[in-house]
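K.L.:
Make a model of this:
(2 chains)
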Amino acid sequence: MRREFIKKILKDPAVERVATVAGWVRTRRDSKGGFSFIELNDGSCFANLQIIADATLSNYESEIKKLFPGSSVVISGEIVASQGGGQSVEMQATEIKVLGFCEPTDYPLQKQRVSFERLREVAHLRARTNTFGAVTRVRHALAMATHNFFDDQGFYYVHTPIITASDCEGAGEMFQVTTLDIAKLEKSPDYERDFFKQKTGLTVSGQLAAECLACSLGNVYTFGPTFRAENSNTRRHLAEFWMVEPEMAFADLADDADMAENYLRYLFNYVLENCMEDLQFFNKRIDTSLLETLQKLSVSEFKRITYTEAIAILGQANVSFEYPVKWGVDLQSEHERYLTEEKFNCPVTVTDYPKEIKSFYMRLNDDDKTVAAMDVLLPNVGEIIGGSQREERLDILSVRIEEAGLNCDDYWWYRDLRKFGSVPHAGFGLGFERIVQFCTGMQNIRDVIAFPRTPGNAEF
RNA sequence: UCCGGCGUAGCUCAAUGGUAGAGUAGGUGACUGUUAAUCACUUGGUUGUUGGUUCGAGCCCAACCGCCGGAGCCA
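P.N.:
Model prediction:
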């Protein structure tokens, strides 16, 4: 079957030519004047192609009049200038071949609005809606932009293990991976008998492995699935999500923050340049400030402050916070929101957190109280990026591992990096779904991944 | 996990403790270069589940289930 994408036909104004398209019917409107209008969508772009189906077509009464939303068809015809007002071109069909009918009383997608909650129950079909088609295309664009950006910056795309024995401390609970018979649960299982001869789980971060590769190849990044077995029930958390994790050798915290901010600006520019039709839909139907925000952020500087400065600002704020502001405690959602949405009204990068609230691998600062960590906070979404300069000094790293209650021997290979030609290095992690959320205005993270995994839900 | 809200027709939602309703979708007909088409008629219900209070429960109470929002955990 040689078909053209509707995206190409609508972009290319050439009319008076023959083409074949294939897709799913969005609506059919009949005219007793002797023809029907069919709105056809093939997923290639937001817009539909309007098809004029004349009653003289041989299967008009037998098939075309039975084309309800969701039916699949292959249509050949002539691309002509439209006589109607809603579109510049349309197709005058010469042949409509029905591939699959769609029973309207059973089909869950309606012409009218269906709630996002309802659509999650029919996730196998929801990509056929305007919203989820647009989300899927923007998500794709952000993934392509990620690869373009890091490739341009001289990074290698590397693949780190999905199954791992190393728990990236502090990152969250792991899903266990085992071939032991869980029907016969034991109190202290003998992992010698397990597939890997040790306790393993799904990765919570590729960072430790990425550090190894960065300390060989310079700049690398991973972009893969990540798993957290946390019982988190919020619009910002998934049990299975995708994370982008760049890691740079010969880099400090300032380099890290620069890279993170440049990356985000690149993403905002990329979707503005490549997804305007979909963004306009989101701007109209989901978040009316979306385009303005993206345009502003695509050129905006990020406010960069230290944790200590942030605490001072919050302490002086004329707002009553639910959680008290005190040096030494982590910033709460309400504090992050105040900084990005009220105080600065732009993305804010907070650096140099107290060592007690951050992971062992973050580089200890000279003050012996803080570590070279950074969080990039976005309005509405909150923490979008978490990163740090890594501790490259073996003696200090070993102490920090012990202080965290971990066993140095378990991290023998990670410590080896510091033994054999250690270099300063830094990196960060970006929750991919959160950036999709931010760039579409979608409120719930379950609606920016095709088949969301959350506590109690792994359907599809 | 904690706090709060919600659960009624295929879908989106109404309904003082007193006969379960509308829009939309579907069906029938009318009309029309329409575009969320329009107009008329019409099909459609174990009110999340299980108990309880009451002469009487969609409505009040309890437990459970599910969903949503917020918090925590984090990306």
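K.L.:
Count residues in the vicinity of A:Val114, would you?
P.N.:
A count of nearby residues for A:Val114, using other CB atoms under 10 Å, gives 15. (C-beta placed from N, C-alpha, C; glycine too.)
K.L.:
now A:Pro108
P.N.:
A total of 13 residues lie near A:Pro108 under the criterion other CB under 10 Å.
K.L.:
do the same with A:Ser88
P.N.:
Residues contacting A:Ser88 under the criterion other CB under 10 Å number 11.
K.L.:
ok, it - contacts?
P.N.:
Shown here is A:Ser88, whose contacts under the criterion CB atoms under 8 Å, 6 or more residues apart in numbering are A:13, A:81-82.
K.L.:
For the stretch 51-200 of chain A, just list every one of the strands.
P.N.:
Shown for the stretch 51-200 of chain A, the strands assigned by DSSP state E, counting those that start in this stretch span residues A:72-81, A:89-100, A:156-157, A:163-164, A:176-177, A:200-202.
K.L.:
Could I get the ones you listed in CSV, plus columns for distance to RNA strand B, mean neighbour count and mean pLDDT?
P.N.:
CSV is the format used below for the strands of the stretch 51-200 of chain A (distance: least, CB to the nearest atom of the strand, whole Å; neighbours: other CB atoms under 10 Å; pLDDT from 0 to 100):
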stretch, distance to RNA strand B, mean neighbour count, mean pLDDT
strand A:72-81, 8, 18, 94
strand A:89-100, 5, 17, 93
strand A:156-157, 19, 14, 98
strand A:163-164, 15, 16, 94
strand A:176-177, 17, 16, 92
strand A:200-202, 12, 19, 93
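K.L.:
Out of those, the one nearest A:Ile401 is which?
P.N.:
Checking the strands of the stretch 51-200 of chain A against A:Ile401 by CB to CB gives strand A:163-164 as the closest, at 17.2 Å.
K.L.:
Tell me the gap between that closest one and the middle of its chain.
P.N.:
22 Å (CA atoms, centre = their mean, to the nearest Å).
K.L.:
quick one on the thing from earlier: would you tell me which one of the contacts of A:Ser88 comes nearest to A:Phe175?
P.N.:
Nearest to A:Phe175 among the contacts of A:Ser88 is A:Pro13, at 51.9 Å by CB to CB.
K.L.:
how about the closest one, what does it touch?
P.N.:
Neighbouring residues of A:Pro13 by CB under 8 Å, 6+ apart: A:88-89.
K.L.:
again, only this time at 10 Å
P.N.:
Taking CB atoms under 10 Å, 6 or more residues apart in numbering as the criterion, A:Pro13 is in contact with A:79, A:81, A:88-89.
K.L.:
Kindly report the same for A:Leu264.
P.N.:
With contacts defined as CB under 10 Å, 6+ apart, A:Leu264 is in contact with A:149, A:297-298, A:300, A:302, A:347, A:349, A:376, A:378, A:384-385, A:430, A:435, A:438.
K.L.:
Also A:Ser398?
P.N.:
A:360, A:391, A:408, A:411, A:415, A:418.
K.L.:
pretty sure the third one is in contact with A:Ile401, am I right?
P.N.:
Yes: taking contacts as CB atoms under 10 Å, A:Cys408 lies within contact range of A:Ile401: 5.2 Å.
K.L.:
And these two? Which one has more around it.
P.N.:
Neighbours were tallied for A:Cys408 and for A:Ile401 using other CB under 10 Å; the higher tally belongs to A:Ile401 (21 against 13).
K.L.:
one step back: intersection of neighbour lists for A:Cys408 and A:Ile401?
P.N.:
Here A:Cys408 and A:Ile401 share the contacting residues A:414-415, scored by CB under 10 Å, 6+ apart.
K.L.:
What score does whatever residue of chain A ends up closest to RNA strand B have for pLDDT?
P.N.:
Nearest residue of chain A to RNA strand B (CB to the nearest atom of the strand) works out as A:Gly84 at 1.8 Å. pLDDT for A:Gly84: 80.
K.L.:
same question, A:Ala171
P.N.:
For A:Ala171, pLDDT reads 65.
K.L.:
try the one 10 residues further on
P.N.:
In the prediction, the pLDDT value recorded for A:Asp181 is 86.
K.L.:
Near it, how many other residues are there?
P.N.:
Residues near A:Asp181, counting by other CB under 10 Å: 10.
K.L.:
ok, now A:Leu314?
P.N.:
21.
K.L.:
correct me, but it touches A:Ser320?
P.N.:
No: here A:Leu314 lies out of contact with A:Ser320, judged by CB under 10 Å, at a distance of 11.5 Å.
K.L.:
what does the stretch 101-250 of chain A put close to RNA strand B?
P.N.:
In this structure, the stretch 101-250 of chain A approaches RNA strand B at residues A:104-105, A:108, A:110-115, A:117-118, A:120, A:170-172, A:205, A:228, A:230-239, A:241, A:243, judged by CB under 7 Å from any atom of the strand.
K.L.:
Dump the strands of the stretch 51-200 of chain A to CSV, plus distance to A:Ser289.
P.N.:
Listed next are the strands of the stretch 51-200 of chain A as CSV, based on distance: least, CB to CB, whole Å:
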stretch, distance to A:Ser289
strand A:72-81, 36
strand A:89-100, 32
strand A:156-157, 34
strand A:163-164, 41
strand A:176-177, 43
strand A:200-202, 37
